[in-house]
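Novice: show me the folded form of this:
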Amino acid sequence: MPRPTFSSPPKASKQSNRPVETITPLSAALNLTYDDKHDDADYAKVASDVLTNSKYAGKVVLICWHHGEIPDLAKALGIATPPPWTSTTFDRVWVITYANGAATLSDHPQMLLYGDSSS
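Specialist: Have a look, this model is predicted:
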């Protein structure tokens, strides 16, 4: 079954096109499209879509967003205090799950390259 995916739009940041560059190969490999209608600063709208639209209920939703907005996106998804996300953090996957209406975040470092942190 197709999984919903979101990305900030191409060229959302003057410095980076990374969210689209990250999600495109995975989307192609899984034969999925991604929704890039929300502007980079509109992470709250993405969170609202995911949390209130019944088409996402019970689904795994992949969100690939611009680096600087990820902690605020996590907050909008219900994480009160996300882990630190510095300007040099690029090796993380955050998984947010919901049980009984409460959001829980687990932090998964990739540890693939020299310099990637384990925590």
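Novice: which element is Trp85 on?
Specialist: Assigned by DSSP states H and E, Trp85 belongs to neither a helix nor a strand.
Novice: could you look up the SS state of Lys75?
Specialist: helix (DSSP: H, G, I helix; E, B strand; the rest coil).
Novice: nearest residue to the middle of the chain?
Specialist: Residue closest to the average C-alpha location in the chain (C-alpha atoms, centre = their mean): Ile63, at 3.2 Å.
Novice: so how far is Asn100 from that one?
Specialist: 22 Å (C-beta to C-beta, to the nearest Å). Where C-beta positions appear, they are placed from N, C-alpha and C, glycine not excepted.
Novice: got any ranges where the chain has weak pLDDT?
Specialist: Where the chain drops to pLDDT under 70, the residues are 1-5, 8-16, 111-119.
Novice: now the longest helix seen in it, how far from the centre of its chain.
Specialist: In the chain, taking DSSP state H as the definition, the longest helix is helix 18-29. Its chain's average C-alpha position is 12 Å from that of helix 18-29, according to C-alpha atoms, centre = their mean, to the nearest Å.
Novice: same for whichever helix or strand comes after it, what does it pack against?
Specialist: Heading C-terminal from helix 18-29, the first helix or strand you meet, by DSSP H and E, is helix 43-52. Packed against helix 43-52 by the contact rule (3 or more C-beta pairs under 8 Å, 6 or more residues apart in numbering; DSSP states H and E) you find strand 5-7, helix 70-76.
Novice: one more time with 10 Å, if that's ok
Specialist: strand 5-7, strand 62-64, helix 70-76, strand 92-99 (3 or more C-beta pairs under 10 Å, 6 or more residues apart in numbering; DSSP states H and E).
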